[in-house]
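*Asks:* this is a predicted model, with the sequence first.
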Amino acid sequence: MSFKNIAVVGTGYVGLVTGVALSDIGHSVTCVDIDEQKVELMQSGVSPIYEPGLSELMTKNIKAGRLSFTTKHQQAFAGADAIYIAVGTPQKEDGTADLRFIEAVADHIAEHLTHYAVVVTKSTVPVGTNDYIKSYIDKHTDVPFAVVSNPEFLREGSAVHDTFHGDRIVIGADSVVAGDLIEEINKPFGIPVFRTDIRSAEMIKYASNAFLATKISFVNEIANLCEKLNANVDDVARGMGQDKRIGNKFLNAGIGYGGSCFPKDTSALVQIAGNVEHEFTLLKAVIEVNYKQQRLLVEKAREHFGSLRGKTIAMLGLAFKPNTDDMREAASIILAQELILAGARVVAYDPIAMENARNVLPAAVDYADSAFAAIQGADTAFVVTEWDEICALTPGDFKANLKEPVVFDGRNCFNIETMKEAGLNYYSVGRPVVKTEKELV
Ligand SMILES: NC(=O)c1ccc[n+]([C@@H]2O[C@H](COP(=O)([O-])OP(=O)(O)OC[C@H]3O[C@@H](n4cnc5c(N)ncnc54)[C@H](O)[C@@H]3O)[C@@H](O)[C@H]2O)c1
Ligand SMILES: O=c1ccn([C@@H]2O[C@H](COP(=O)(O)OP(=O)(O)O[C@H]3O[C@H](CO)[C@@H](O)[C@H](O)[C@H]3O)[C@@H](O)[C@H]2O)c(=O)[nH]1
């Protein structure tokens with residue numbers, strides 16, 4: 001195996017983790033980003049994002065001389081065998097993918113490419129985008145190059161683990177030689193490789209995310225039914241999941257999916273379908289179910305209290321999932337907005353995402369230093385993200401600190417029986433409501 005020179009463009013969750021992992025398996029990697037502050041941090045060995053295990057691996061490979069950072073594309077591309085594109089493809093107002101950052105990278109490649117290299121697209125891009133990138137660069141340079149689609153499947157919060165232990169690596173290439181190079185680069189990971197054409201690879205990414213989002217909205221609809229029929233969705237999901245054809249993953253009912261991928265990628269796929277005059281009815285329903293689900297706790301609290309005006313609500317967990325500092329499309333944003341609009345006071349806490357949260361939550365939100373501090377003196381608590389620290393609160397903690405013994409749990413963190421024994425009113429998702437004797441009279 002010969003190690004390669006690799007440039008990675010964009011050092012977000014995908015680019016930085018990819019660059020660090022590729023250097024760890026032996027390649028010589030230069031990461032380039034336009035954000036000077038970020039690059040300065042990374043040059044000093046500090047990761048600008050929170051991702052378990054990333055900092056350690058970063059420091060190790062910088063020290064080994066295999067990993068460096070720059071703001072200069074020309075420097076990163078010099079001598080590169082492969083140029084990985086890992087910039088953002090956010091959602092535009094109409095739901096389509098914004099390819100501005102991809103086009104900017106294509107411009108850089110056209111300007112600075114001096115020798116044959118394989119351009120590898122890691123970013124999630126609509127079907128046909130790699131063809132567009134190819135023709136875009138082609139128009140501006142005579143230097144030969146190939147384009148390969150290599151979509152990324154890592155999850156935030158376990159990005160390093162997923163990169164080393166992924167289920168598959170998808171390589172979409174029209175040039176066999178270029179596909180072979182990317183397969184060779186990835187060989188040390190020891191992960192099964194799936195080879196296909198470029199457009200199918202692009203579609204695999206959207207189809208995978210849309211399918212996972214569908215699983216979540218499906219189980220959430222089952223949860224809503226369970227509430228009306230007095231069944232328990234946790235048991236229903238466990239019973240369903242034992243059928244190997246269904247599988248037990250991604251069947252956790254709750255307040256829906258957030259994050260930087262599912263919301264934008266499901267919307268983009270609806271648009272991609274629309275562009276070829278296909279109405280993706282199923283996916284539209286998945287999105288609609290999620291919209292309602294993200295607002296569920298406010299509805300439940302309104303039903304319990306009547307008015308929320310003047311109530312103080314401890315919001316426990318702000319990131320879109322545990323083990324990340326990412327606030328993109330987090331349910332906490334919607335919940336905080338709705339609560340403030342209803343005249344409530346919100347006291348928020350998250351172990352890691354608080355700094356990012358301050359930039360996106362309404363200005364009226366107050367912050368606490370711990371989960372425990374957040375519930376002290378609050379009327380009620382909303383469990384929004386299932387961080388260990390939050391799930392470690394005991395029913396006794398809630399009972400002793402909340403003004404009213406009522407908890408709204410959006411992630412089914414707590415045991416119904418123990419909440420009942422502690423004398424709490426406890427609302428979760430798709431499970432029987434626990435009401436104190438007093439309430440039931
Ligand atoms: N976040 C995830 O978990 C995840 C997983 C799989 C796939 N993806 C996809 O990967 C892509 C990247 O996502 P992300 O979350 O890592 O994005 P991000 O927003 O966290 O990071 C993008 C980075 O690119 C940099 N950048 C923008 N333009 C640049 C340019 N011209 N040159 C150099 N750097 C530039 C930005 O400064 C930023 O640091 C998206 O298409 C996303 O859909 C994301
Ligand atoms: O059973 C479940 C599983 C997840 N979620 C929610 O779904 C969202 C997304 O979770 P997860 O998929 O774990 O995190 P992401 O980092 O967004 O990862 C998804 O999006 C990435 C970006 O495309 C892909 O690479 C990954 O494969 C895909 O899992 C979060 O809000 C979770 O709370 C549920 O509500 N129930």
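*Replies:* Thanks, I have the structure now. Numbering: from 1, shown residues only. Ligands and ions are numbered 1, 2, ... in the order given.
*Asks:* any buried residues in stretch 129-138, and which?
*Replies:* 129-130, 132-134, 136-137 (16 or more other CB atoms under 10 Å). Bear in mind the C-beta positions are built from the backbone N, C-alpha and C, glycine included.
*Asks:* actually, stretch 104-113.
*Replies:* 105-106, 108-110, 112-113.
*Asks:* give me the mean pLDDT for that stretch.
*Replies:* Per-residue pLDDT over stretch 104-113 has a mean of 97.
*Asks:* before we move on, what about stretch 384-393?
*Replies:* On average, the pLDDT along stretch 384-393 is 97.
*Asks:* do stretch 336-353 as well
*Replies:* 98.
*Asks:* that one vs ligand 2: in contact?
*Replies:* No - Stretch 336-353 lies apart from ligand 2 when judged by CB under 6 Å from any ligand atom; the minimum separation is 12.5 Å.
*Asks:* endpoints of that stretch, how far apart?
*Replies:* 15 Å (CA to CA, to the nearest Å).
*Asks:* would you mark the buried spots in it?
*Replies:* 336-340, 342, 344-353.
*Asks:* export the buried residues of stretch 104-113 as JSON lines, with columns for secondary structure.
*Replies:* As requested, the buried residues of stretch 104-113 are exported to JSON lines (DSSP: H, G, I helix; E, B strand; the rest coil):
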{"residue": "Val105", "secondary structure": "helix"}
{"residue": "Ala106", "secondary structure": "helix"}
{"residue": "His108", "secondary structure": "helix"}
{"residue": "Ile109", "secondary structure": "helix"}
{"residue": "Ala110", "secondary structure": "helix"}
{"residue": "His112", "secondary structure": "helix"}
{"residue": "Leu113", "secondary structure": "coil"}
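*Asks:* closest to ligand 2 among these?
*Replies:* Distance to ligand 2 across the buried residues of stretch 104-113 (CB to the nearest ligand atom) is lowest for Val105, with 18.6 Å.
*Asks:* and the closest one, what does it touch?
*Replies:* Taking CB atoms under 8 Å, 6 or more residues apart in numbering as the criterion, Val105 is in contact with 9-10, 85, 87.
*Asks:* close to ligand 1: what parts of this protein are there?
*Replies:* Residues of the chain lying close to ligand 1 (CB under 6 Å from any ligand atom) are 9-15, 32-35, 38, 86-89, 101, 104-105, 122-124, 152, 154, 156, 260-261.
*Asks:* mind listing which of the residues you listed are in helices?
*Replies:* Within these, residues falling in helices by DSSP state H are 13-15, 38, 101, 104-105.
*Asks:* most widely separated two among those?
*Replies:* Across these, the two members that end up farthest from each other (CB to CB) are Tyr13 and Ala104, 18.9 Å apart.
*Asks:* for ligand 1, what's the nearest residue on this protein?
*Replies:* Gly12 (1.9 Å).
*Asks:* tell me the spacing between that residue and ligand 2.
*Replies:* Separation of Gly12 from ligand 2 (CB to the nearest ligand atom, to the nearest Å) stands at 11 Å.
*Asks:* report how many residues lie close to that residue.
*Replies:* Neighbour count of Gly12, defined by other CB atoms under 10 Å: 19.
*Asks:* of the residues of the chain next to ligand 1, keep whichever come out buried.
*Replies:* Of the residues of the chain next to ligand 1, these count as buried by 16+ other CB under 10 Å: 9-15, 32-34, 38, 86-89, 101, 105, 122-124, 152, 154, 156, 260-261.
*Asks:* closest to ligand 2 among the buried residues of stretch 336-353?
*Replies:* Set against ligand 2, the nearest of the buried residues of stretch 336-353 by CB to the nearest ligand atom is Ala353 (12.5 Å).
*Asks:* which residue is the nearest non-sequential neighbour of the closest one?
*Replies:* Spatial nearest neighbour of Ala353, chain neighbours left out: Ala319 (3.8 Å); criterion: CB to CB, 6 or more residues apart in numbering.
*Asks:* I'd assumed that neighbour was in a helix, is it?
*Replies:* No - going by three-state DSSP, the assignment for Ala319 is coil, not a helix.
*Asks:* residues contacting it?
*Replies:* With contact set as CB under 8 Å, 6+ apart, Ala319 has these partners: 325-327, 330, 332, 350, 352-353, 356-357, 385, 387.
*Asks:* how much space between it and Glu355?
*Replies:* Remark: distance between Ala319 and Glu355 (CB to CB, to the nearest Å) = 11 Å.
*Asks:* what do the two both touch?
*Replies:* With CB under 8 Å, 6+ apart, Ala319 and Glu355 have common neighbours Asp325.
*Asks:* any low-confidence regions in this protein?
*Replies:* The model of the chain has pLDDT under 70 over residues 437-441.
*Asks:* near ligand 2, which residues of it show up?
*Replies:* 124, 152-156, 209, 212, 216, 250-252, 254, 257-259, 261-262, 320-321.
*Asks:* need the residues that contact stretch 406-419.
*Replies:* Contacts of stretch 406-419 (CB under 8 Å, 6+ apart): 233-234, 252-255, 296-297, 300-301, 304, 317, 331, 379-386, 390-391, 395, 398, 424-432, 434.
*Asks:* please enumerate the helices of the stretch 301-441 of the chain.
*Replies:* Here the stretch 301-441 of the chain has its helices, by DSSP state H, counting those that start in this stretch, at 331-341, 354-360, 371-375, 388-391, 395-401, 416-421, 437-440.
*Asks:* of all those helices, which one is nearest Ile185?
*Replies:* So among the helices of the stretch 301-441 of the chain, helix 354-360 is nearest, using CB to CB, at 32.4 Å.
*Asks:* so which elements touch that closest one?
*Replies:* Contacts defined by 3 or more CB pairs under 8 Å, 6 or more residues apart in numbering; DSSP states H and E place helix 354-360 against strand 366-367.
*Asks:* next, the nearest residue to Glu227 once chain neighbours are set aside: phi, psi?
*Replies:* Distances taken as CB to CB, 6+ apart place Gly430 nearest to Glu227, at 5.9 Å, with adjacent residues excluded. For Gly430, the backbone dihedrals (degrees, to the nearest 10) come out as phi 80, psi 20.
*Asks:* check contacts around Gly430.
*Replies:* Gly430 touches 220, 222-224, 226-227, 231-234, 236, 253, 412, counting by CB under 8 Å, 6+ apart.
*Asks:* one more time with 7 Å
*Replies:* Neighbour list for Gly430: 222-224, 226-227, 233, 253 [criterion: CB atoms under 7 Å, 6 or more residues apart in numbering].
*Asks:* just the ones in helices among the residues of the chain next to ligand 1 now: which is nearest Phe372?
*Replies:* Tyr13 (29.8 Å).
*Asks:* isn't the closest one right next to Ile49, touching?
*Replies:* Yes - with contact defined as CB atoms under 7 Å, Tyr13 counts as touching Ile49 (6.0 Å).
*Asks:* number of residues surrounding Ser267?
*Replies:* Neighbours around Ser267, by other CB under 10 Å: 19.
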